[in-house]
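**Q** here is my input, please return the structure:
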Amino acid sequence: MGAAPAARDVTSYGMGLAAPLALFFLVFFVAPLLQLFWLSLHNDTAGLHWGLGQYLHFLTDPFSLGVLGSTLLLGAEVTAVCLVLGFPIAWLYQRVGPKLQTVIILIVLLPLLTSVVVRTFAWIVILGRQGIINATLQSLGLIDTPLKLLYTQFGVVIALAQVQMPLMTLPLITALGRIDPNLDDASCSLGAGSWRTFFRIVLPLSLPGVIAGCTLTYAAAITAFITQSLIGGGQMLFMPMYLYQQASTLQNWPFAAAISIIFLLAVLAVVSVFTTLGRMSRGYGGA
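**A** Residues are numbered from 1 along each chain as shown. Just a heads-up that it's a prediction; the model follows:
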């Protein structure tokens, strides 16, 4: 009898299965990005002169660089707030029963179940001069006149932190869930206190989740056009609104395209830093 044919490995697939996804990626991402870069090489709105004039204009303009810097700083502030508030929530999630875990995960996911426009207008009501915060502080006699919370950096950071909190908390919950709970007991039995256990055991092992949460939160915060525009108002200008003004209001499409490319590169640079830190933390996560 002839030898039986070798069994086919059902776990291996041909690269042709990825062709539809690759085609979709090329048509709807790569092609528009190349067109945007080509448009940014026009030195005038009529498209008669070519060069890097739009990039030089941005990089030599203090106002444009200030807008870019304030946007990147905004992302850092929102990420820091989300990390400080999200880590205790994730830590609590791992130490309560299944019923309370369901409640916590529902609270964490609740912002994702509501439209970003609705959430932003809710924060306008909360932060307004006659809003909940000012009304409560005045009723308690802590302030005489309403505080200016709306159209400020503080208001934008708080609103964005609430909107982006799930992007930070969910990776932290996953990372903390992978830590062996016996490590805490072993650390305490060896004489380490709670804070030392946290900084020497819990925090290093949760770094992959921290890096992942920071990456998602930062990228989402600096590109949140609606929340930045409505909470910040006309007194604060960030890159998404700056781009919108150049494209829609001033009809300066080449400069708007250059702003898009520069903003994209800046975001990629920050994400690359987070990615490098994430690779460095894998040794801790796999320990």
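
**Q** can you pull up the most central residue in this protein?
**A** Centroid-nearest residue in the chain, with Cα atoms, centre = their mean: residue 217, separated by 2.2 Å.

**Q** check contacts around residue 137.
**A** 143, 147 (Cβ atoms under 8 Å, 6 or more residues apart in numbering). Backbone N, C-alpha and C define where each C-beta goes, glycine included.

**Q** for my notes, confirm it occurs in a helix.
**A** Yes: counting by DSSP: H, G, I helix; E, B strand; the rest coil, residue 137 falls inside a helix.

**Q** do you know how far the residue nearest to the centre of the chain is from residue 114?
**A** Distance of residue 217 to residue 114, given as Cβ to Cβ, to the nearest Å: 18 Å.

**Q** remind me which residues of the stretch 151-287 of the chain are low pLDDT?
**A** Applying pLDDT under 70 to the stretch 151-287 of the chain flags residues 281-287.

**Q** the stretch 1-150 of the chain too?
**A** Applying pLDDT under 70 to the stretch 1-150 of the chain flags the ranges 1-15.

**Q** show me where it has its helices.
**A** With helices called from DSSP state H, counting those that start in this stretch, the stretch 1-150 of the chain shows them at 19-25, 31-40, 53-59, 62-93, 98-109, 116-127, 132-139.

**Q** ok, which of those helices comes nearest residue 156?
**A** helix 62-93 (6.6 Å; Cβ to Cβ).

**Q** for residue 254, see how far away the closest residue to residue 242 other than its chain neighbours is.
**A** Distance criterion Cβ to Cβ, 6 or more residues apart in numbering; nearest residue to residue 242, sequence neighbours excluded, is residue 67 at 5.0 Å. Per Cβ to Cβ, residue 67 is found 18 Å from residue 254.

**Q** before we move on, what about residue 60?
**A** The gap separating residue 60 from residue 254 is 16 Å, by Cβ to Cβ.

**Q** please apply the same query to residue 164.
**A** Distance, residue 164 to residue 254, by Cβ to Cβ: 32 Å.

**Q** for those two, indicate the residue with more neighbours.
**A** Counting neighbours by other Cβ atoms under 10 Å for residue 164 and for residue 254 shows that residue 164 has the greater number, 26 against 23.

**Q** residue contacts, that one?
**A** For residue 164, the contact set (Cβ under 8 Å, 6+ apart) comprises 78, 82, 216-217, 220-221, 224.

**Q** quick one: the helix or strand where it lies to helix 62-93, angle?
**A** Here residue 164 sits within helix 153-177, counting by DSSP states H and E. Counting by axes from the mean of the first three to the mean of the last three Cα atoms, to 10 degrees, helix 153-177 points 40 degrees away from the direction of helix 62-93.

**Q** identify each buried residue in helix 153-177, please.
**A** Judged by neighbour count (16 or more other Cβ atoms under 10 Å), helix 153-177 contains these buried residues: 155-173, 175-176.

**Q** what do you get for stretch 244-254?
**A** Buried residues in stretch 244-254, counted by 16+ other Cβ under 10 Å: 246-247, 252-254.

**Q** just send those residues back as CSV, with distance to residue 268 too.
**A** Shown next, in CSV, are the buried residues of stretch 244-254 (distance: Cβ to Cβ, whole Å):
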residue, distance to residue 268
246, 21
247, 21
252, 24
253, 22
254, 21
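
**Q** about what we covered before: select, out of the helices of the stretch 1-150 of the chain, the one closest to residue 150.
**A** The closest of the helices of the stretch 1-150 of the chain to residue 150 is helix 116-127. By Cβ to Cβ, the value is 4.4 Å.

**Q** mind listing the helices for the stretch 151-287 of the chain?
**A** Here the stretch 151-287 of the chain has its helices, by DSSP H, counting those that start in this stretch, at 153-177, 182-189, 194-197, 203-205, 207-222, 225-232, 239-244, 253-285.

**Q** flag every buried residue along the longest one.
**A** Under the neighbour-count criterion of 16+ other Cβ under 10 Å, helix 253-285 has 253-263, 266-267, 270, 274, 278, 281, 285 buried.

**Q** can you name every helix or strand that that helix contacts?
**A** The contact analysis (3 or more Cβ pairs under 8 Å, 6 or more residues apart in numbering; DSSP states H and E) places helix 253-285 against helix 31-40, helix 53-59, helix 62-93, helix 203-205, helix 207-222, helix 239-244.
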